[in-house]
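**Q** with the input below, show me the fold.
(one chain, ligands or ions: 1)
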Amino acid sequence: MRAWLIALILLAMNSSLANAQGEPELIARKDRKVIYITWDGFRWQEMFGGAQEILIAKDAGVADVDGVKRRYWRETDDERRETLLPFMWKTIAKRGQIFGDPSKNAAAKLENTHKFSYPGYSEMFCGFADDKGIDSNKKVPNPHVNVLEFLNRRPGFEQRVAAIATWDVFPSILNQQRSGVYVNAGIVPIPGDSLTDRERLLNEMISDTVVLWPDNQIDVITMQVAREYLLKHKPRVLFIGLGETDEWAHARRYDRYLHAANRADAFTAKLWELLQSLPEYKDQTSLVLACDHGRGNTIRDWTDHGAKIEGAEFIWSAVLGPDTPAMGVRSDVSATLSQIAATLATLVGEDFRAASPKSAAPLPDVISASMAQ
Ligand SMILES: [Zn+2]
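**A** Got it, this is the predicted structure:
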């Protein structure tokens, strides 16, 4: 009897010790949120160098060469990129971190060799490349567990994880059926009976806007749908997938490609401003940005990507938030797209690699040492 009692006391002491060790971490991160935005196929060349002189040309589909020069051409790389992407370079580069600058010995790469979208998104959300299993853009349910699905099952995150994207393959990439993650993707209305006035207006625009690409919504609508979702449902993890940079590049319209990137930057800025105005998000929310692949490097193949396109494996990513040291453009570091999954989890205090050991490590030093687990 006495031995039994001692065992019980020891057990109680042990579990209270574990609580004491576990609690500070839990308190520090229990309110953390993350917003993840992708700009499909947006090249590192424009990311770090702004508009490229060789492509501001009729041959690259620029309708008004002088107009585009006035708008986006500046003498130095620094001025050009700040003109094209003001939020990225005036805010994230100063208060956060940017990966993928080859001139800083920090080129970032895909691990998959296909260099197109489904394999890229699968790599970033699942944390590893699967060249054999994920080799097309067909709407095949992804067999691998993704980080949104993992988070959606963690205590405190249930039904607070959502994905809103222009491209209609995301329900398959994120295996909506198995994962249970809310996914709104492609040209589809906002579902539900109790819609707000703005949501009803958006649904009208979704049904009445000219269809440029049958499988891809235009960015501004997806961004507004995401904004309304955020305000109404207050998710802890929200993915927003934008697609126009890729579409206009494939269409060989460098002017519209630049404009789409400039708008994507502006949407991101507005969303960040909105987050800082909401008590649930202010100073508790990280922002992560990335692309799913690069593109070719020449006037002929800047439009394209894929296994045969040299250079389309180079990418970029960026992180801004309360736990991320302001290291600016990172140097002497090699990053991969597969590191995004664990990065998203770690920013909200969760360990994706424990559940998915094949997943790559988080991007290095995006969380200050005192916060790291
Ligand atoms: Zn593409």
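
**Q** which parts of the stretch 1-150 of the chain sit against the ion?
**A** G41 (Cβ under 5 Å from the ion). (Each C-beta comes from the backbone N, C-alpha and C, glycine too.)

**Q** now do stretch 125-143, average pLDDT.
**A** Average pLDDT, stretch 125-143: 97.

**Q** buried residues, it. List them.
**A** Buried residues in stretch 125-143, counted by 16 or more other Cβ atoms under 10 Å: F125, C126, G127, F128, A129, D130, I134, D135, N137, N142.

**Q** could you find the closest non-adjacent residue to the fourth one?
**A** This points to F128. K358 (4.6 Å; Cβ to Cβ, 6 or more residues apart in numbering).

**Q** pretty sure that neighbour contacts G127?
**A** Yes - using Cβ atoms under 8 Å, K358 makes contact with G127 at a distance of 6.7 Å.

**Q** follow-up on the earlier one: do you know the pLDDT at the residue nearest to F128?
**A** The predicted local confidence for K358 is 97.

**Q** any idea how far it is from S277?
**A** 39 Å (Cβ to Cβ, to the nearest Å).

**Q** before we move on, back to that, and the residue nearest to F128, how many neighbours does it have?
**A** 13 (other Cβ atoms under 10 Å).

**Q** figure out the helix or strand that it lives in.
**A** Taking DSSP states H and E as the definition, one finds K358 inside no helix or strand.

**Q** ramachandran angles for it?
**A** phi -70, psi -10 (degrees, to the nearest 10).

**Q** all strands for this protein, in order.
**A** Ranges of strands in the chain, per DSSP state E, are 33-39, 97-99, 108-109, 161-165, 182-185, 237-242, 285-290, 314-315, 317-320, 328-329, 335-336.

**Q** from the chain's centre, how far out does the longest one sit?
**A** Here strand 33-39 shows a centroid-to-chain-centroid distance of 4 Å under the convention Cα atoms, centre = their mean, to the nearest Å.

**Q** so what strands line up beside it?
**A** strand 237-242 (parallel), strand 285-290 (parallel) (DSSP bridges).

**Q** what do you get for the third one?
**A** Using DSSP bridges, the strands paired with strand 108-109 in its sheet are strand 314-315 (antiparallel), strand 335-336 (parallel).

**Q** of all the strands paired with strand 33-39, which one is nearest G96?
**A** Closest of these to G96 is strand 285-290, at 7.6 Å (criterion: Cβ to Cβ).

**Q** what about that closest one, average pLDDT?
**A** 98.

**Q** burial count for L231?
**A** Neighbour tally, L231, other Cβ under 10 Å: 13.

**Q** what does A269 give?
**A** 17.

**Q** just give the nearest non-adjacent residue to it, would you?
**A** Going by Cβ to Cβ, 6+ apart, A269 has F87 as its nearest residue, at 3.7 Å.

**Q** can you check R160 too?
**A** R236 (4.4 Å).

**Q** wait, isn't the one you found in contact with V161?
**A** Yes - using Cβ under 8 Å, R236 makes contact with V161 at a distance of 6.9 Å.

**Q** tell me who's in contact with V220.
**A** By Cβ atoms under 8 Å, 6 or more residues apart in numbering, the contact list for V220 reads R263, F267.

**Q** return the residues in contact with the closest residue to the ion within the chain.
**A** Closest residue of the chain to the ion, Cβ to the ion: D246 (4.2 Å). With contacts taken as Cβ under 8 Å, 6+ apart, D246 has the following neighbours: D40, G41, F42, S117.

**Q** can you work out which residues contact both of R236 and V161?
**A** L151.

**Q** which residues does F352 contact?
**A** Contacts of F352 by Cβ under 8 Å, 6+ apart are G127, V147, F150, A341, A342, L344, A345, T346, S359.

**Q** picking that back up, the contacts of D246 into a markdown table, with extra columns for neighbour count and pLDDT?
**A** As requested, the contacts of D246 are exported to a markdown table (neighbours: other Cβ atoms under 10 Å; pLDDT from 0 to 100):
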| residue | neighbour count | pLDDT |
| --- | --- | --- |
| D40 | 25 | 98 |
| G41 | 28 | 98 |
| F42 | 29 | 98 |
| S117 | 22 | 97 |
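
**Q** low pLDDT regions in the protein?
**A** 1-30, 370-373 (pLDDT under 70).

**Q** and if we set it to 50?
**A** Low-confidence segments of the chain, defined by pLDDT under 50, are located at 1, 13-27, 373.

**Q** quick one, helices of the stretch 251-373 of the chain?
**A** Taking DSSP state H, counting those that start in this stretch, the helices of the stretch 251-373 of the chain run over residues 254-277, 340-347, 352-355.

**Q** among these, show me which one is buried the most.
**A** A comparison of the helices of the stretch 251-373 of the chain by mean neighbour count, using mean count of other Cβ atoms under 10 Å, puts helix 340-347 on top with a mean of 27.

**Q** name the helices or strands packed onto it?
**A** Helix 340-347 sits against strand 33-39, helix 117-126, helix 147-152, strand 285-290, strand 317-320, helix 352-355, with contacts defined as 3 or more Cβ pairs under 8 Å, 6 or more residues apart in numbering; DSSP states H and E.

**Q** go with 10 Å
**A** Secondary-structure packing of helix 340-347 (3 or more Cβ pairs under 10 Å, 6 or more residues apart in numbering; DSSP states H and E): strand 33-39, helix 117-126, helix 147-152, strand 237-242, strand 285-290, strand 317-320, helix 352-355.

**Q** pull up the gap between the closest residue to Y72 other than its chain neighbours and Y254, please.
**A** Excluding the flanking residues, the one nearest Y72 by Cβ to Cβ, 6+ apart is A51, at 3.8 Å. Distance of A51 to Y254, given as Cβ to Cβ: 8 Å.

**Q** okay then, goodbye and thanks.
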